[in-house]
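> Turn this into a structure:
(one chain, ligands or ions: 3)
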Amino acid sequence: MLADLHTHTTASDGELTPAELIAAASEAGVELLSITDHDVADAYAALATPPGLTLVTGIEFSTHHARTGVHVVGLNVDLDGDAMRGALAAQRAARTQRAGRIAERLEKRGIADALAGAERHAGSALVGRPHFAAYLVEIGACTSAEQAFKKYLGRGGGVIDSWPPLEAVVGWIRDAGGDAVLAHPAKYGLTRRRLSRLTQAFRKAGGSALEVVSGGQHPELTHELAALAAHHGLAASTGSDFHRPGQPWAQLGRHPSLPAGCLPVWERWS
Ligand code: MN
Ligand code: MN
Ligand code: MN
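Ligands and ions are numbered 1, 2, ... in the order given. Next comes the predicted model:
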């Protein structure tokens, strides 16, 4: 089973429209696909899937735990029910509040009009850090988005606590009948000990699976994460975290398969 359960579209910060993403995934041989945009589910509004490809509903929620910004993917969720409607509204409010706080912090550092500038770059999308980065580059405060993140927007822009805590986010996903997946566990820069504590808290909150494979990662890391999932009694998920073509480490359906011994999260859905 070629599964890609972590992808983005133009509904959040991806470059392909939902229809383009589905076509590209099908082309890449993906059999089981989930679109997991950041805190929005707009990609699912009207989608046709080609034969041979099964689409499972998904979302990527921003949250935090122990002063670390964390992402949780929700899979196989009921997007139309009250639980998910409430969750999406809460995340929208949190994102708006966070944007205001980021702008305030930038103002204190001598960057004027950041909120209006970021909103302009966001267009119809919800404002996120990449839009602040684009504004900082536009006004010449930074030479690149990368530098903007380093200098001004790192560690969640300093406002990760704008997001609801881990327990709340996992609760929403469960209430929507879905499985919560701890996304890209190696990307939080945590020591092994702290990652194990995060995984334990995630499991305790009702989490189902660990993203054992995220994009083109090193086999050694895959085995370490498979062991971590097994240790905490979690199933395993896998995905590219695709955002756009041209990023060789995150191409649709090109990530390594789950190691033997993992319990694939999709086996819970049959
Ligand atoms: Mn993203
Ligand atoms: Mn993420
Ligand atoms: Mn992602």
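> Look at the residue nearest to residue 125 when sequence neighbours are not counted and say how many residues are nearby.
Excluding the flanking residues, the one nearest residue 125 by Cβ to Cβ, 6 or more residues apart in numbering is residue 12, at 7.1 Å. (Glycine included, C-beta is placed from N, CA and C.) Residue 12: 22 surrounding residues under other Cβ atoms under 10 Å.
> neighbours around the closest residue to residue 159 other than its chain neighbours, how many?
Distance criterion Cβ to Cβ, 6+ apart; nearest residue to residue 159, sequence neighbours excluded, is residue 101 at 4.4 Å. Neighbour count for residue 101, taken as other Cβ under 10 Å: 15.
> Return the distance of the helix or strand hosting residue 101 from the chain's centre.
Residue 101 belongs to helix 82-108 when assigned by DSSP states H and E. Remark: helix 82-108 is offset 16 Å from the chain centroid, using Cα atoms, centre = their mean, to the nearest Å.
> can you check stretch 120-138 too?
Put simply, stretch 120-138 sits 18 Å off its chain's centre (Cα atoms, centre = their mean).
> one step back: quick one: contacts for the residue nearest to residue 125?
Shown in contact with residue 12 (Cβ atoms under 8 Å, 6 or more residues apart in numbering): 37-40, 60, 125-126, 128.
> Over to it. Which of the three states is it?
With DSSP: H, G, I helix; E, B strand; the rest coil as the basis, residue 12 sits in coil.
> and the gap between the residue lying farthest from the centre of the chain and residue 153?
Residue farthest from the centre of the chain, counting by Cα atoms, centre = their mean, is residue 110 at 30.9 Å. Remark: distance between residue 110 and residue 153 (Cβ to Cβ, to the nearest Å) = 15 Å.
> got it, and residue 131?
Residue 131 is 10 Å from residue 153, by Cβ to Cβ.
> go on, residue 181?
Separation of residue 181 from residue 153 (Cβ to Cβ) stands at 25 Å.
> These two: who's more crowded?
residue 181 (34 against 23).
> counting contacts, what elements does the helix or strand containing that one pack onto?
Per DSSP H and E: residue 181 is located in strand 179-182. Strand 179-182 sits against strand 68-75, helix 166-175, helix 192-204, strand 209-214, with contacts defined as 3 or more Cβ pairs under 8 Å, 6 or more residues apart in numbering; DSSP states H and E.
> Out of these, which is closest to ligand 3?
For ligand 3, the closest of the helices and strands packed on strand 179-182 is strand 68-75, at 6.4 Å, according to Cβ to the ion.
> Run the contact check for that closest one versus ligand 3.
No. Strand 68-75 lies out of reach of ligand 3 by Cβ under 5 Å from the ion, never closer than 6.4 Å.
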